[in-house]
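Visitor: pasting the structure only:
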């Protein structure tokens, strides 16, 4: 009778360990499944407007757009003198906007 209880205790312990580890076994099995395909689009994402940058409001955005610097990418590629002249701001402020645009 004692041997039977010992065997049942060992089996019960093994089942308890397996039950506790079931999440580990399941997560390993699901990680082997292939990932679904991603679909690429040929159209580039829309360009962010310059007023998305801190410190550029609607007035400065209109001035920059009139000079051909209406989106963040073109602002990041522009020279500080060009931006300063277009927005009627200092060169230091233009450099700050260009730095923010290049990080955006």
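Guide: Perfect, thanks for sending it. No experiment lies behind these values; they were computed from the predicted model shown.

Visitor: Which of the helices and strands in the protein ranks last by mean pLDDT?
Guide: helix 22-31 (a mean of 63; mean pLDDT, DSSP states H and E).

Visitor: what's the average pLDDT for the lengthiest helix in the chain?
Guide: Assignment by DSSP state H gives helix 2-20 as the longest helix of the chain. Taken as a whole, helix 2-20 has a mean pLDDT of 86.

Visitor: And for stretch 70-85?
Guide: 91.

Visitor: Can you pull out the residues in contact with it?
Guide: With contact meaning C-beta atoms under 8 Å, 6 or more residues apart in numbering, stretch 70-85 is reached by 47-50, 52-53, 61, 64, 67-69, 89-91, 93-95, 97-98, 101-102, 104. C-beta coordinates here come from the backbone N, C-alpha and C atoms, glycine included.

Visitor: Inside helices: which ones of those residues?
Guide: 61, 64, 91, 93-95, 97-98, 101-102.

Visitor: Just the buried residues of those.
Guide: Buried members of those, counted by 16 or more other C-beta atoms under 10 Å: 61, 64, 93-94, 97-98, 101.

Visitor: out of these, who's nearest residue 39?
Guide: residue 101 (29.4 Å; C-beta to C-beta).

Visitor: check contacts around the closest one.
Guide: 50, 53, 72-73, 75-76.

Visitor: One more pass at 7 Å, please.
Guide: 53, 72, 75-76 (C-beta atoms under 7 Å, 6 or more residues apart in numbering).

Visitor: Any figure for the gap between residue 91 and residue 98?
Guide: Look at residue 91 and residue 98: by C-beta to C-beta, to the nearest Å, they are 10 Å apart.

Visitor: quick check: domain ranges of the chain?
Guide: Domain ranges of the chain: 2-31, 50-103, per automatic domain parsing.

Visitor: Could you tell me which of the contacts of residue 101 are located in strands?
Guide: Judged by DSSP state E, these include no members of strands.
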